[in-house]
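**Q** Give me a 3D structure for the following:
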Amino acid sequence: MKKESVKAQASIITIVLIILVSLVAVIIVWNVVNGVMKKSTSQVDVDSFALKGEVAYSLSSDKSSADVSVFRPAGGSSVSVSGIKLVFEDTDGLLHIYEDYSIYPGELETKFYSIKSTDLNPRLDSFSKLKKISLYYVYIKDGKNVTTGIEITTSTKPAPNNVTNPNNPPTNTYNPVVCNATFDIDGDHYGNASSGCLGLDCNDNNNRAWVNMSLYADIDSDGYGFGSQMVYCLNGTVPFGNSTIGDDCNDTSSVQRPNATEILNNELDENCDGYGDINSCMTLRSSNKAYKLTDNILNVPADSNCIEFSTGTNITLDLNDKSIVGTCRIEPYPNCDTNWACSYTNQSSCISNNCSWNSGSCSPNYNCWNYYGNATACVQNNCTLFYSEDMVQSQYGIYGRYSVSNISVINGKITNFSFIIYLEQLKNGGIFNNLELSGCTNKYTWENATYIDYYSQGFYFSYSNRSVVTNIVLDGFSEGIFENYAYYNNISNININNFGRVIYLSYADMNSFKNINAGSPGYLPMYLYRAKSNIFSNIDIAKPKSNTNMMQVYYSDSNSFSNLTLCGNVTARNAKDIYSYTSNTNQYTAVRCNSSRIYTSGSTPAPTCSVSC
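**A** Residues are numbered from 1 along each chain as shown. Coordinates of the predicted model:
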């Protein structure tokens, strides 16, 4: 029995010791935790986390709730705020915690909380016992979520929100005698008195708001908003997701904003000036976009295109008074001896100088010229005068194809391409304004007339409709404007020099050509083939030096010609000012030409000259 009693006493002692050790451990842990929670700002290396902030509060009249403002929780380069802890310390030294983890990482704003005493853990009987509030941040550092928090600052007494808000400086000096509860109902030091309060209060029933702010929505948080301004009654601090500055051209991307650095040739408008900047040949394929040339594009390789409009609609290219320059490369043709002549259809070869296949015969030093059926004419058999060399050029300066519509090219120069502007199957073409277009300068001379000895065109419309072309200078083309199955195009204010034809229409209807001034043409300046219901007015074509018709109308009906100057070379062999073949119901008004130089066959009414040359 005695041994059993000793054992029982030992067990009791062991249990008591365990309990004592446990109590000591609890006390130590409590003191450690309590000590950490009560650290002051000076005891924490706040700057190393680049976190700054402030907390202020006001209590309800019955002390059952507290309105708490947390100013500008800001994350640095290595830190993003993801939550906050508000620790309420009462006069008994007990701690009551309120937590919010709904903050987006990196969110920058002023947070407002209306906290009831029952929202705290543990609950607080009354805020009348409140001693202070401490603010802690839960943050993400180096990709890791640190949940212990850091004490940033403490508020030992209620303070009006504006005192710590540099974005809303007071307009008056605060006078608590004048700015009393009668004029400052919510106690934020702003009220309805003209003096005494810091300023007028836009909502005197809310001590968290006292000034009207005009803000834009700023979805991408790049400091620039969009849309219409909205007015909010706030505390002078711009809330997250808003901005006082508008003019953001894309508020879903922080890359695009006013004053951003522009990146060339990526089709984006980074700096929101309305243009994507380009300085090289490229394909444009984005709808409702405008592009601007920042530098000249030079030396586009031979047989290459430069700007292609591929897909989309409402696309503008502003050349910005810059130039796109292609390549002209000369390839000489061979000379031919006295028994051979240069081929018209294949200038790189020679043909037998034999006129037996037609009615003409030529001397050994001449060959037959069968252009437009004039087999009786002879030209000197010398390849240095007739098709002496050819040009290999860049292909398309501007190319728009069927999958694009409503394109615009304006304000600049394009030169040295086979086709400067080529539109293929555009139902709604576009606008072409204020352009200087020129081809390669290689020419040949025959009968004192200047020709362009290669196939090149300023504008080529193939199955392309409804374009507006105005204020254009054309220089150095076999054909200035060519339309093939093209309708409803409006072309005006054109100056053209060093060319073969001014206008060539093939199955092209209901187009308008106005105010065209052309220098001396090389051959057949106006040619209509099966073209109907077109309007031609105020067209002045200088007298050519070669043997060529001025206007040739084949199987083309219901066209209107007014105020045209078509005075051909009276010394030229068999050339006509107007040549009309099987073309009916055309109207000729105020046309200046030589009546003796009109040819008509099967055309009713016959063309007439209103004014003689």
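**Q** Mind listing what's buried along stretch 395-402?
**A** The neighbour-count check on stretch 395-402 (16 or more other Cβ atoms under 10 Å) flags 395-401 as buried. From N, CA and C alone the C-beta is placed, and that goes for glycine too.
**Q** So which residues of the chain form helices?
**A** 2-37 (DSSP state H).
**Q** need the contact list for Phe309.
**A** By Cβ atoms under 8 Å, 6 or more residues apart in numbering, Phe309 lies in contact with 283-285, 315, 398-401, 404, 407.
**Q** Quick one, grab the pLDDT at it.
**A** Phe309 is assigned 95 on the pLDDT scale.
**Q** What's opposite it in the beta bridge?
**A** Leu284, Gly400 (DSSP bridges).
**Q** Glu308: neighbouring residues, count only.
**A** Close neighbours of Glu308, defined as other Cβ atoms under 10 Å, add up to 17.
**Q** So Leu528 sits against Asn559, correct?
**A** Yes - checked against Cβ atoms under 8 Å, the pair Leu528 and Asn559 is within contact range at 6.8 Å.
**Q** first vs last residue of stretch 204-216, how far apart are they?
**A** Its first and final residues considered, stretch 204-216 spans 24 Å by Cα to Cα, to the nearest Å.
**Q** Please spell out which residues along it are buried.
**A** So for stretch 204-216, counting by 16+ other Cβ under 10 Å, buried means 204, 206-211, 213, 215-216.
**Q** With distance to Val473 and pLDDT added, can I get these in TSV?
**A** Output for the buried residues of stretch 204-216, formatted as TSV (distance: Cβ to Cβ, whole Å; pLDDT from 0 to 100):
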residue	distance to Val473	pLDDT
Asp204	69	87
Asn206	67	84
Asn207	70	81
Arg208	66	78
Ala209	63	84
Trp210	64	84
Val211	59	86
Met213	54	89
Leu215	50	91
Tyr216	45	92
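**Q** Between those residues, which sits nearest Val177?
**A** Asp204 (17.9 Å; Cβ to Cβ).
**Q** give me the number of residues near the closest residue to that closest one other than its chain neighbours?
**A** Nearest non-adjacent residue to Asp204, counting by Cβ to Cβ, 6 or more residues apart in numbering: Ile185, 4.6 Å away. For Ile185, the count of nearby residues is 16 (other Cβ under 10 Å).
**Q** same thing with Asn299?
**A** Neighbours of Asn299 (other Cβ under 10 Å): 11.
**Q** That one reaches Val325, doesn't it?
**A** Yes - the criterion here is Cβ under 8 Å, and Asn299 meets it with Val325 at 6.7 Å.
**Q** Next, give me the two most distant ones among the contacts of Phe309.
**A** Taking Cβ to Cβ, no two of the contacts of Phe309 sit farther apart than Arg285 and Ile398, at 14.5 Å.
**Q** follow-up on the earlier one: dump the buried residues of stretch 395-402 to CSV, plus distance to Gly500 and pLDDT.
**A** Output for the buried residues of stretch 395-402, formatted as CSV (distance: Cβ to Cβ, whole Å; pLDDT from 0 to 100):
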residue, distance to Gly500, pLDDT
Gln395, 19, 85
Tyr396, 20, 92
Gly397, 19, 95
Ile398, 21, 96
Tyr399, 22, 95
Gly400, 24, 94
Arg401, 26, 86
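**Q** Among the buried residues of stretch 204-216, which one lies nearest to Tyr554?
**A** So of those, ranked by how close each gets to Tyr554 (Cβ to Cβ), first place is Tyr216, at 62.9 Å.
**Q** got a list of what that closest one touches?
**A** Tyr216 touches 224-230, 242-246, 248, counting by Cβ under 8 Å, 6+ apart.
**Q** ok, now with 7 Å
**A** By Cβ atoms under 7 Å, 6 or more residues apart in numbering, Tyr216 lies in contact with 225-227, 229, 242-243, 246.
**Q** Who does Ser69 form a beta bridge with?
**A** So, taking DSSP bridges as the rule, Ser69 has Ala56, Phe112 as bridge partners.
**Q** which residues pair with Leu435 across the strands?
**A** Going by DSSP bridges, Leu435 forms beta bridges with Gly412, Ile472.
**Q** Pretty sure it sits against Ile420.
**A** No - look at Leu435 against Ile420 with Cβ atoms under 7 Å: they stay out of range, at 8.4 Å.
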